[in-house]
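Engineer: Whatever this is, show me its structure:
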Amino acid sequence: MDEALFEVALKQKTGEVQTIISDILSGYLKEKEEPYVQTILDAMEYSFLAGGKRLRPLLMRETYRLFDQNLEGKETLGTFMTALEMIHTYSLVHDDLPAMDNDEYRRGKETTWKVYGDGMAVLAGDALMNSAFEIAFREIDDLMEEGRTQAEIGRAAKCGVILSRKAGIDGMLGGQVADVEAEKKHLPMDLQKILFIHEKKTAALIETAMGIGAELAGASKEEYEKVVEIARKVGIAFQIQDDVLDVIGDSAELGKHVGSDAESGKETFVTLRGLEISQREVKRLSDEAIELLGDLPGDHAFLEELIRHLIYRRK
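Structural biologist: Prediction:
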C-alpha cells in the first residue's frame, strides 16, 4: 500500500475506533452516575481519554475484517474493543504510580495519580479492569437474552476467557511481575527472561486483540492459531524495536529521553545481543509475521502496512 494512502487510511480507521470505544465508555459511565463515586468515574474517563494510538482495538477490528468485511451492527466487536482498551489503560495508570515507574506525565498530560492522587489512581485502574470484564460478560448475557445462535454465544464466551487469561498471570501481569522483580531486586537478566517479559507484558495484549478479532469473525481453529502466532511475533518485534530506539532514537521524535536504559544499567535485548543482531531480529520477526498473514483470507494490504508501521516506527 502506498505510504500516503496508508496514512490517510490509518487516520480514518483510528478515528472510527476512537468514536466507537469513547461512545461505549461514555454510555457505561453514565449508567454509574452517583455523587459518592463521581471522582472515580472522572478519573476513569480522564485516563481513558488521555490519548494514545488505539493500537489494540484497531488491530482487533482489522483482524475481524479479514474474515468478515461487514462491520455494520457488530456491537459485540465494539464491546470487546472497548474492554481491551480499558485493560490496557488500567495497566498504564498502575505503571505510572510512585510505587512502580513514578511517572508524572504521559503523552504530555499529567498522569492519573498526579491529578487524582495515588490512592484514587489505584482505584481508577482497578475500576477500569473490573468494568472491562463487566461489559464483556454483560455482552455475552445480552446475546443469550436476544436468542442468538450457540455459535455466536460460544465465540463471545471464548473471547471473555481469552481476555481474562491474557490480562492475568499467563499474560500481561505475569510479564509485569518478572519485569518489576528484575528491576527492583536488581536480578540478573538473560535472553530467556527478557523474551518472557516481552512476550507476556507486550505481546499478550496484541495476541488478545488479534485473537478476539479472528474468533468473533468465525475464523477456524487453524486460522485462529495462525493469527495468534502473527500477533506474538509482532509484539516481540515491537518491544525489541523499543529497546533499539532507546539507543538510536531521537528524543524529539520519541517524546521521551533516549538512553535511559543504559543510564539506569537496565539490561535489554540490545544490551545482551547488540544493536545489529537486535535489528536483524526485528526484521526476521516482521518478515515472518507478514508471510503468515499472507496465508489468511481477506484483503491484507492495510494490516500488512500497519504491522510494518508499528515495528519499524521511529517513535
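
Engineer: C-alpha only now, for contacts and for neighbours.
Structural biologist: Fine.

Engineer: if I read this right, Met60 contacts Ile212, doesn't it?
Structural biologist: Yes - between Met60 and Ile212 there is a contact under Cα atoms under 8 Å: 6.5 Å.

Engineer: Am I right that Val270 is in a helix?
Structural biologist: Yes - counting by DSSP: H, G, I helix; E, B strand; the rest coil, Val270 falls inside a helix.

Engineer: residues touching it, list them.
Structural biologist: Shown in contact with Val270 (Cα atoms under 8 Å, 6 or more residues apart in numbering): Ile240, Asp243, Val244, Ile277, Ser278.

Engineer: what's the farthest-apart pair in those residues?
Structural biologist: Distance extremes for those: the farthest pair is Asp243 and Ile277 at 12.2 Å, using Cα to Cα.

Engineer: Which one's more surrounded, these two?
Structural biologist: Neighbour totals were compared for Asp243 and Ile277, and Asp243 leads with 23 against 13 (other Cα atoms under 10 Å).

Engineer: for whichever helix or strand Val244 is part of, packing partners?
Structural biologist: Assigning secondary structure by DSSP states H and E places Val244 in helix 221-248. With contacts taken as 3 or more Cα pairs under 8 Å, 6 or more residues apart in numbering; DSSP states H and E, helix 221-248 sits against helix 204-216, helix 269-273, helix 275-293, helix 301-311.

Engineer: So between Met60 and Ile212, which is more surrounded?
Structural biologist: When Met60 is set against Ile212 and neighbours are counted by other Cα under 10 Å, the residue ahead is Ile212, at 34 against 26.

Engineer: Return the residues in contact with the more buried one.
Structural biologist: Each residue near Ile212 by Cα under 8 Å, 6+ apart is listed here: Met60, Phe80, Cys159, Ile162.

Engineer: Take these and keep only those in helices.
Structural biologist: Among the contacts of Ile212, the ones falling in helices (DSSP state H) are Met60, Phe80, Cys159, Ile162.

Engineer: any idea how far the last one lies from Leu84?
Structural biologist: Ile162 sits 11 Å away from Leu84, going by Cα to Cα, to the nearest Å.

Engineer: Looking at these two, which has the bigger crowd around it?
Structural biologist: Neighbour comparison, Ile162 and Leu84: the larger count goes to Leu84, with 27 against 20 (by other Cα under 10 Å).

Engineer: Tell me if I'm right that the more buried one and Leu163 touch.
Structural biologist: Yes - if you go by Cα under 8 Å, Leu84 and Leu163 touch, sitting 7.3 Å apart.

Engineer: Report pLDDT for the closest residue in space to Thr202 that isn't next to it in sequence.
Structural biologist: Spatially, and ignoring its direct neighbours in sequence, Thr202 is nearest to Gly235 (5.8 Å; Cα to Cα, 6 or more residues apart in numbering). You'll see Gly235 listed with a pLDDT of 96.

Engineer: thinking again about what came up before, save the contacts of Ile212 as CSV, and put in distance to Asp118 and pLDDT too.
Structural biologist: Shown next, in CSV, are the contacts of Ile212 (distance: Cα to Cα, whole Å; pLDDT from 0 to 100):
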residue, distance to Asp118, pLDDT
Met60, 32, 98
Phe80, 28, 98
Cys159, 32, 98
Ile162, 30, 97
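
Engineer: circling back to that earlier point, identify, out of the helices and strands packed on helix 221-248, the most deeply packed stretch.
Structural biologist: Highest mean neighbour count of the helices and strands packed on helix 221-248: helix 204-216, a mean of 29 (counted as mean count of other Cα atoms under 10 Å).

Engineer: from the chain's centre, how far out does that one sit?
Structural biologist: 10 Å (Cα atoms, centre = their mean, to the nearest Å).

Engineer: quick one: it to helix 221-248, angle?
Structural biologist: If you take axes from the mean of the first three to the mean of the last three Cα atoms, to 10 degrees, helix 204-216 sits at 150 degrees to helix 221-248.

Engineer: Thanks again, I'm all set now.
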